[in-house]
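Engineer: one predicted model, sequence on top.
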Protein chains: 2
Amino acid sequence: MNPAPAPDDVMAIFMHGDNDRQRDALAGSGIEAAAGQAAIAEAADRPADWVMSAIVGAAGLVPGLHALRHGGTLALANKESLVTAGPLLMATAKAHGATILPVDSEHSAVFQVLMGEDKASVERVIITASGGPFRRFTMEQMRTITPSQAVAHPNWAMGQRISIDSASMFNKALELIETREFFGFEPRQIEVIVHPQSIIHAMVGFCDGGIMAHLGPADMRHAIGFALHWPRRGHVPVERLDLARLAALNFEAPDAARFPALRLARAVMETRGLSGAAFNAAKEVALDHFIAGRLPFLAMSEVVEDTLARLSCQNSLQIAATALEDVLAMDHLARKTAAQALEATQ
Amino acid sequence: MNPAPAPDDVMAIFMHGDNDRQRDALAGSGIEAAAGQAAIAEAADRPADWVMSAIVGAAGLVPGLHALRHGGTLALANKESLVTAGPLLMATAKAHGATILPVDSEHSAVFQVLMGEDKASVERVIITASGGPFRRFTMEQMRTITPSQAVAHPNWAMGQRISIDSASMFNKALELIETREFFGFEPRQIEVIVHPQSIIHAMVGFCDGGIMAHLGPADMRHAIGFALHWPRRGHVPVERLDLARLAALNFEAPDAARFPALRLARAVMETRGLSGAAFNAAKEVALDHFIAGRLPFLAMSEVVEDTLARLSCQNSLQIAATALEDVLAMDHLARKTAAQALEATQ
């Protein structure tokens, strides 16, 4: 149905931002190159069998919706589009007969486990968290975390923003909401467990007490390769696991006190509506300020919590988005509200 | 297709051996009771939608073949019938449109992982072994192991014979052969790993580098419940895993020097034919002698190896069984040969 595209099927690489060197390197290859948000949206609107969106942040929403309208397969590594507009995205996919394949390793793992299973027999979903670089930090140590400390993830090589989100567990908070929106499980069915080795990506517990887990090296090529080959499996050149060499897989409960993002995610999973858009926008604003050295690490979650509280007072969060404009309006409102919350912390 | 039978569908419990107390307890319940090998074979020959065979040893082969002839589902906890006559059993199931569901926890785990998967994309199967009570014993300590030491399994509550087979890893050897025969994977694709907690029962590695694992408490009700409910999953009242409380899952390579049964199993997996029947018969004879205090623990594998070597010289092992009689004849011959091998060790 959706065979892995041969290289000559790739129509365009669109670079966000200006990158003349890469553009020059592609000259004569037949691969188009362009840059900027409008170019991405335009590219996503071209008919294609298979599109991968690996954009970071709420900026991934519009191209994702465009791609789904053509009824193909959207390999989605942009978790924010499910967080901010899950029901809209899923409804768009359904209306156009499109397929969304999750490319986050945790969600790809859940997706893979559920193949051949009846979702009604699922009791719980457990996504794993590495615990990040501050797993063993005391609350006192966490008060002085700098951006350069936060960017050093123990297992995954990722960009700056997602590495810091991993360190604060805001990334895992987004993934909780993403699990809720993509698979439709109830919040009480979705758990997080800290697993420092990042070998088990997710587990699904069934009503017969059995658990199926997906294991693999911490290498995004696996989830991408799975999405490229789906619905078959094809060879992916990642390292094969040697469990005897790994010797141990460890697990511990996450600490909600030091990582309040997880608690905030629970509230968003319950409220749904526009609360995911508000949560994500406030988080992006807080992250900008942390990176700029204007906000302490732990204050990021305070800003998000305060933003959600302010918007909740206005009864704006529980409204369901019926169109993209609702989501964009909430994104705008939440950024403004987060700025007010930030001022209040100064 | 095969709904879990309600209690009133149970037609008969047949007890092997004499057990008047249980027979009296069933009086008036509508559940028939009978005893002895002929009664088991007769019971297995009655038409039934779902039959479970949990007989220990080669004695399980005939009832299993009888049950398959009625084209229903055979929940198979008797690993020896696959070891001694795998191709015959599988061909009988195919000829009569019957389904075999493995009830050994490792094979149930592999079966569950393979649901919704293409077997052609399987790279390897890893079955786990607890390592048994002698995992940390030196070769010196292993020379003096008594039957009462060998019967004390760290994780599973089982009968005397299978507990000792676990301690010597002959049970894992049987499971390797069972995996080869039931699923049809090549010997080089089938691995064993020591996992002392017995939480992961088996793993399947795919060509994309991902591994799917099945986890559950060390409780046979899970595999039995799965077979009862198949092809759906139904509620099974086993303990739910708490990974944070478990804290660690450990793995180590099995020690082929202290557990030669694994090496012998490899030879059987390569030779196939009647070598499984010979392996199992020789193992049963050696086990009888160990239980009776007439054979040291480590000498069990020497007797099995010697028996296989003697039969191999006669070119008897590689012959494929075309009928039950071939298997029974090899069982008889191997027991006689094992007795000669035993004499040679005295």
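Structural biologist: Received, thanks. Numbers count the residues shown, from 1 in each chain, chains lettered A, B, ... in the order given.

Engineer: only C-alpha atoms from now on, for both contacts and neighbour counts.
Structural biologist: Noted.

Engineer: and A:I55, what does it touch?
Structural biologist: A:A77, A:N78 (C-alpha atoms under 8 Å, 6 or more residues apart in numbering or on different chains).

Engineer: ugh, wrong one, I meant A:G276
Structural biologist: A:V83, A:T84, A:A85, A:I177, A:V268, A:M269.

Engineer: make CSV from these and add pLDDT, neighbour count and distance to chain B to it.
Structural biologist: Output for these, formatted as CSV (pLDDT from 0 to 100; neighbours: other C-alpha atoms under 10 Å in any protein chain shown; distance: C-alpha to the nearest C-alpha, whole Å):
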residue, pLDDT, neighbour count, distance to chain B
A:V83, 97, 33, 26
A:T84, 96, 33, 30
A:A85, 96, 29, 30
A:I177, 98, 27, 22
A:V268, 98, 27, 25
A:M269, 98, 24, 23
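
Engineer: dump the residues you listed to a markdown table, plus secondary structure.
Structural biologist: Converted to a markdown table, those look like this (DSSP: H, G, I helix; E, B strand; the rest coil):
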| residue | secondary structure |
| --- | --- |
| A:V83 | helix |
| A:T84 | helix |
| A:A85 | helix |
| A:I177 | helix |
| A:V268 | helix |
| A:M269 | helix |
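
Engineer: what is the nearest of these to A:T128?
Structural biologist: A:I177 (14.0 Å; C-alpha to C-alpha).

Engineer: pretty sure that closest one sits against A:V83.
Structural biologist: Yes - counting by C-alpha atoms under 8 Å, A:I177 touches A:V83, with 5.9 Å between them.

Engineer: low pLDDT regions in chain A?
Structural biologist: A:1-19, A:156-157 (pLDDT under 70).

Engineer: need the strands for it, in chain order.
Structural biologist: A:12-15, A:32-35, A:50-53, A:73-76, A:99-102, A:122-129, A:190-194, A:200-206, A:211-215, A:248-250 (DSSP state E).

Engineer: TSV for those, including mean neighbour count?
Structural biologist: Output for the strands of chain A, formatted as TSV (neighbours: other C-alpha atoms under 10 Å in any protein chain shown):
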stretch	mean neighbour count
strand A:12-15	17
strand A:32-35	17
strand A:50-53	22
strand A:73-76	24
strand A:99-102	22
strand A:122-129	23
strand A:190-194	20
strand A:200-206	25
strand A:211-215	26
strand A:248-250	18
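
Engineer: indicate which one of these is closest to B:V192.
Structural biologist: When the strands of chain A are ranked by proximity to B:V192 (C-alpha to C-alpha), strand A:248-250 comes first, at 16.1 Å.

Engineer: strands paired with the closest one, and their directions?
Structural biologist: Sheet pairing for strand A:248-250, assigned by DSSP bridges, gives strand B:248-250 (antiparallel).

Engineer: gap between the strand it pairs with and the chain center?
Structural biologist: 25 Å (C-alpha atoms, centre = their mean, to the nearest Å).

Engineer: not counting it itself, show me its contacts.
Structural biologist: A:A247, A:A248, A:L249, A:N250, A:F251, B:H195, B:P196, B:Q197, B:I199.

Engineer: so how far is A:D219 from the second one?
Structural biologist: A:A248 sits at a distance of 19 Å from A:D219 (criterion: C-alpha to C-alpha, to the nearest Å).

Engineer: please name the residues that touch the residue lying closest to A:A278 once chain neighbours are set aside.
Structural biologist: Closest residue in space to A:A278, ignoring its immediate chain neighbours: A:A334 at 5.1 Å, by C-alpha to C-alpha, 6 or more residues apart in numbering or on different chains. Applying C-alpha under 8 Å, 6+ apart, we find A:A334 in contact with A:A277, A:A278, A:F279, A:A281, A:A282, A:T307, A:L311.
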